[in-house]
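Chemist: Predicted model, plus sequence, below.
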Amino acid sequence: LKAIKYLMIRDKVGLGILDPFMHDPNIEDISCSGLRNLFIEHRIFDSLKAPITFENEEDLDAFAIKLSEKIGKPVSYFNPIMDAALPDGSRINIVLGKDISKQGSNFTIRKFSEVPFSVLQLIEFGTIDYVMAAYFWIALREGMNCFVAGETASGKTTTMNAMTTFISPLAKIVSIEETPELQVPHHNWIREVTRSVQGKKEGEGSRVEMFDLLRAALRQRPNEIIVGEIRGVEGSIVFQGMQTGHPAMSTFHAASVEKLIQRITGDPINVPKTYIDNLNFVVMQNAVRGPDGKLLRRVTSVNEIVGYDTYSDSFSFIEVFRWNPVNDTFEFTGNLNSYMLERKIAPKKGIPLSNVRKIYKELEKKARILKKIHDSGITGFYELFSVISKMENEGMA
């Protein structure tokens, strides 16, 4: 009887044969690339072929359609592609039919973590270190603009989300996404998502895109705008917001800072080159292989944007953190040589250029505070935000 009850709940409420994978916290992605090809991305064991498969096209198509119907965005041969979020927040992409996917219908689920990782957990994973986290703390508390860039599945959104604990607890935050992934610890948080219209059903409303939401956000007097990912013309609105004093964060697909700038200044984003220095720093994150061949996610560099030289038509930036792949450590190459800390943040904090070393001492202090919090056993996302907020309120950080 219990087995029958489980199967009924699994199939009616859950995701059928995929449900056990959805409840395993170590599984990050589930993907089906056609018949007899179901794979999972495991946090410890990397890519694994699942022990279950679809044996015929009819079953696979029926499962893909059932998945889409569960979230109210049914795929069909007329609308064969669907991007959406599952009720638990996981991202799902479905492509239906062999006419456009030669190996048959396929789908990918990128699982959503109910509680996001904190910067202290990222330190445990080796993604960043205490000094880098302290650098993010100072930068975001002083309203610096930041992009977290890298390749697909490099952990960009996870890192950016963890960094939000360093934004002032009193800040009004507006987040804008295509699929809801971000989780911000602040109370004054407006969460907005785009609306796509596949058909023309009555009462469905018009299409609402990132561009529309960003224009609306600038009228909402936010202290911070967080964009899930910049891909197109909405990027120009983000930079206009930066230009008018609205701090912003976003993720971005780019393999290097140079490629990021090329994409931002080219079609379809077309940000004027003279606006680029509104972006204060870029965090480059990648999925890399460790000495034992294990897949690791590392911030490979942090770079400060200095500006654009109209005479040479070139951009200058400074690498302030660098990952060393030989010993898997981070080098603070910007120590006593940070353009952003000395020229942007120190003046805002009333620190004269003659005493600029003070800003580096503050960074060291914040790194020690983070380590002390970590050593006390606190690692959670919301707990860390609460502790930092309390310490700053009492003048201890």
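Modeler: Okay, I see it. Numbering: from 1, shown residues only.
Chemist: And the longest helix along the chain, how far out from the chain middle?
Modeler: Counting by DSSP state H, the longest helix found in the chain is helix 357-375. Centroid separation between helix 357-375 and its chain, computed with CA atoms, centre = their mean, to the nearest Å, is 25 Å.
Chemist: Now whichever strand or helix holds Met8 - C-alpha only, CSV.
Modeler: Using DSSP states H and E, Met8 sits within helix 2-12. Taking Å, rounded to 0.1, in the frame of the first residue of the first chain, the C-alpha atoms of helix 2-12 are listed here in CSV:
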residue,chain,number,x,y,z
LYS,A,2,2.8,2.4,0.9
ALA,A,3,4.5,1.6,-2.5
ILE,A,4,1.3,2.4,-4.4
LYS,A,5,0.8,5.7,-2.4
TYR,A,6,4.4,6.7,-3.1
LEU,A,7,4.0,6.0,-6.9
MET,A,8,0.8,8.0,-7.0
ILE,A,9,2.4,11.0,-5.2
ARG,A,10,5.6,10.7,-7.3
ASP,A,11,3.6,10.7,-10.6
LYS,A,12,0.9,13.2,-9.7
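Chemist: If you average the pLDDT over it, what comes out?
Modeler: For helix 2-12, mean pLDDT is 82.
Chemist: and that helix, which residues are buried?
Modeler: Arg10 (16 or more other CB atoms under 10 Å). From N, CA and C alone the C-beta is placed, and that goes for glycine too.
Chemist: Now do it: everything it contacts.
Modeler: Contact with helix 2-12 is made by Gly16, Asp19, as judged by CB atoms under 8 Å, 6 or more residues apart in numbering.
Chemist: so what pLDDT did the residue nearest the centre of the chain get?
Modeler: Nearest residue to the geometric centre of the chain (CA atoms, centre = their mean): Thr157, 1.2 Å. Looking at Thr157, its pLDDT reads 95.
Chemist: Which helix or strand contains it?
Modeler: Assigned by DSSP H and E, Thr157 falls in helix 156-163.
Chemist: in the stretch 1-150 of the chain, which spans are helices?
Modeler: Remark: helices assigned in the stretch 1-150 of the chain by DSSP state H, counting those that start in this stretch are 2-12, 19-22, 57-70, 119-125, 130-141.
Chemist: Wait, Lys344 touches Asn280, no?
Modeler: Yes: at 6.4 Å, Lys344 and Asn280 qualify as touching, with contact defined as CB atoms under 8 Å.
Chemist: Looking at these two, which one has more neighbours?
Modeler: Comparing Lys344 with Asn280 by other CB atoms under 10 Å, the one with more neighbours is Asn280, at 21 against 18.
Chemist: so who does that one touch?
Modeler: Counted by CB under 8 Å, 6+ apart, Asn280 has contacts Ala139, Met144, Asn145, Cys146, Glu304, Ile305, Met340, Lys344.
Chemist: Nearest to Pro51 among these?
Modeler: Closest to Pro51 out of these is Cys146 (41.7 Å), distances taken as CB to CB.
Chemist: So the closest one versus Tyr77, what's the distance?
Modeler: 43 Å (CB to CB, to the nearest Å).
Chemist: one step back: give me the common contacts of Lys344 and Asn280.
Modeler: Met144.
Chemist: So which helix or strand of the chain has the lowest pLDDT on average?
Modeler: Between all helices and strands in the chain, the lowest mean by mean pLDDT, DSSP states H and E belongs to helix 2-12, at a mean of 82.
Chemist: any idea how the protein splits into domains?
Modeler: Here the domain parsing of the chain from automatic domain parsing is 2-110, 119-393.
Chemist: before we move on, back to that, okay if I get the helices of the stretch 1-150 of the chain as a markdown table plus distance to Phe315?
Modeler: Output for the helices of the stretch 1-150 of the chain, formatted as a markdown table (distance: least, CB to CB, whole Å):
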| stretch | distance to Phe315 |
| --- | --- |
| helix 2-12 | 53 |
| helix 19-22 | 44 |
| helix 57-70 | 43 |
| helix 119-125 | 28 |
| helix 130-141 | 19 |
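Chemist: Verify the stated contact: Gln103 with Leu35.
Modeler: Yes: counting by CB under 8 Å, Gln103 does reach Leu35; the two are 7.0 Å apart.
Chemist: Who has more neighbours out of those two?
Modeler: Neighbour count, other CB under 10 Å: between Gln103 and Leu35, Leu35 has more, with 18 against 14.
Chemist: and the closest residue to the more buried one other than its chain neighbours, backbone torsions?
Modeler: If the residues on either side of it in the chain are set aside, Leu35 comes closest to Gly104, at 5.4 Å by CB to CB, 6 or more residues apart in numbering. Main-chain dihedrals, Gly104, degrees, to the nearest 10: phi 100, psi 180.
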